[in-house]
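S.K.: Give the three-dimensional model of this entry:
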Amino acid sequence: MTVIYPSPIFGPVHSRRLGVSLGINLLPADGKVCTFDCIYCECGFNKDHRPKQALPTREEVRAALEARLQDMQQNGPTPDVLTFAGNGEPTAHPHFPEIIEDTLALRDTYFPKAKVSVLSNSTFIHRPAVFEALNKIDNNILKLDTVDEAYIREVDRPTGQYSIASIIDGMKSFKGNCIIQTMFMKGGYEGRDVDNTSDKYVLPWLEAVKEIAPRQVMIYTIDRETPDHDLQKATREELDRIAALVEAAGIPVSVSY
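M.R.: Alright, predicted model coming up:
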């Protein structure tokens, strides 16, 4: 069962990592738009969910968000976080920076203690306006599943030009104001092994994480149904081993099993 989220507001949902999370989806409600086509994506493969609707406008997002925050203020629950996620890559929206400005202002008005989070695959952090917007939010959560470019092409499957070296450089530019999120998993895809829990993948990834010096690392494994059914969860022991390596490097880490 793939998950296609309503647009522009969904939830609140209880996030394993973030608490009571009100979702903001800047992509169409009837499909998926992403610069990655991850084999583990809960929204399914890009080709199976091509949207026909337009992107929500900046004004539609602002109005819908304000209405939901007013309702939550009156009726609950209190959100811990406002999270940009949904049917693909949120920073792909042409008015992403302006929508972040609107969201921060609404957050300050209705729930000043709530955090604003963005879950991004990092493919647009080279754009100055996107970079600046991500630098203003509370939780700038950037995906880095591995530093092995061949693995990324097999598993994350970027749809356009992609260079892991330039992505890492972009992450370093945040000077610690970011959270690295990494999916660890096992199993196979189209006959190829996609286990990235071994030292072959973990140790080079760890070196890159040290260079990026994020304020936190979030490691997780498959939780919801994936479009490919030969994928498997990483074990608790494997995730704990990787987390211990991150901690030993002096970087706070959270694990979602």
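
S.K.: tell me which residues in stretch 89-107 are buried?
M.R.: The neighbour-count check on stretch 89-107 (16 or more other CB atoms under 10 Å) flags 89-93, 95-97, 99-100, 102-104, 106-107 as buried. For the C-beta atoms, the positions are set from N, CA and C on the backbone; glycine is no exception.

S.K.: Among those, which lie within helices?
M.R.: If you go by DSSP state H, these have 96-97, 99-100, 102-104, 106-107 in helices.

S.K.: Surely residue 24 touches residue 7?
M.R.: No - using CB atoms under 8 Å, residue 24 makes no contact with residue 7, being 9.0 Å away.

S.K.: out of these two, which sits in the busier spot?
M.R.: With neighbours defined as other CB atoms under 10 Å, residue 24 and residue 7 compare such that residue 24 has more, 28 against 25.

S.K.: In this structure residue 26 contacts residue 83, no?
M.R.: No - taking contacts as CB under 8 Å, residue 26 lies outside contact range of residue 83: 11.6 Å.

S.K.: Report the next helix or strand after the lowest-mean-pLDDT helix or strand in the chain in sequence order.
M.R.: Each helix and strand of the chain was given a mean pLDDT (mean pLDDT, DSSP states H and E); the minimum falls on strand 9-15 at a mean of 90. Using DSSP states H and E, the helix or strand that follows strand 9-15 towards the C-terminus is strand 19-25.

S.K.: Now the common contact residues for residue 24 and residue 7.
M.R.: Here residue 24 and residue 7 have residue 86 as joint contacts, going by CB atoms under 8 Å, 6 or more residues apart in numbering.

S.K.: Now do the strands in the protein.
M.R.: Applying DSSP state E to the chain gives strands spanning 9-15, 19-25, 81-85, 115-120, 139-143, 179-183, 185-189, 192-193, 216-220, 231-233, 253-256.

S.K.: tell me what the shortest one is packed against?
M.R.: In terms of contact count using 3 or more CB pairs under 8 Å, 6 or more residues apart in numbering; DSSP states H and E, strand 192-193 is assigned no packing partners among helices or strands.

S.K.: Give the pairing partners of that strand; include direction for each.
M.R.: Using DSSP bridges, the strands paired with strand 192-193 in its sheet are strand 185-189 (antiparallel).

S.K.: pull the CA atoms of the strand it pairs with into PDB?
M.R.: Taking Å, rounded to 0.1, in the frame of the first residue of the first chain, the C-alpha atoms of strand 185-189 are listed here in PDB:
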ATOM      1  CA  MET A 185      18.600  -1.600   5.000                       C
ATOM      2  CA  LYS A 186      19.300  -5.000   3.700                       C
ATOM      3  CA  GLY A 187      17.900  -7.400   1.100                       C
ATOM      4  CA  GLY A 188      18.100  -7.100  -2.700                       C
ATOM      5  CA  TYR A 189      16.700  -5.200  -5.700                       C
END
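
S.K.: Between strand 216-220 and it, find me the angle.
M.R.: Interaxial angle of strand 185-189 relative to strand 216-220 (axes from the mean of the first three to the mean of the last three CA atoms, to 10 degrees): 50 degrees.

S.K.: Any buried residues in strand 185-189, and which?
M.R.: For strand 185-189, using 16+ other CB under 10 Å, the buried residues are 185-187, 189.

S.K.: pLDDT of that strand, averaged?
M.R.: For strand 185-189, mean pLDDT rounds to 95.
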